[in-house]
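In: Just a sequence and a predicted model for now, questions to come.
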Amino acid sequence: MYVASDLFPEEFGDPVDKEPIDDLLKAEPFKPFRIITNNGKSYVVENPALVNQLKTQIFYAYPNSDHFALIAVRNISAIETVEQAA
């Protein structure tokens, strides 16, 4: 699990470290993970093709729909792996 302190620099305005998310998206084999924001909302990433990192936001497409969310990277409080059902 990554927490906000792993993702963000101490000083506001410094570039956001998106490497942990990038590593999870490029992992072989891919393992699903959950992005949790500081307001308690969570987004389960089951397919890396449905996520794209922008400069300060993450584009998240909801599976099997035309809906999407833009997640401000600075609002991410944690990232955790999701156990797959056996």
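Out: Great, that's in hand.

In: low pLDDT regions in the chain?
Out: Residues of the chain that meet the criterion pLDDT under 70 lie in 1-17, 85-86.

In: Please enumerate the strands of it.
Out: Counting by DSSP state E, the chain has strands at residues 2-3, 33-37, 42-45, 51-53, 57-61, 68-72, 76-81.

In: Throw those strands into TSV and include distance to Asp23, thanks.
Out: Quick note: C-beta positions are derived from backbone N, CA and C, even for glycine. Formatted as TSV, these follow (distance: least, C-beta to C-beta, whole Å):
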stretch	distance to Asp23
strand 2-3	10
strand 33-37	10
strand 42-45	13
strand 51-53	11
strand 57-61	14
strand 68-72	17
strand 76-81	10
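
In: Burial-wise, tell me which of the ones you listed comes out on top.
Out: With neighbours defined as mean count of other C-beta atoms under 10 Å, those peak in mean count at strand 33-37, which reaches a mean of 19.

In: Check what contacts that strand and list those residues.
Out: The contact list for strand 33-37 (C-beta atoms under 8 Å, 6 or more residues apart in numbering) reads 21, 24, 42-45, 58, 60, 71, 75-82.
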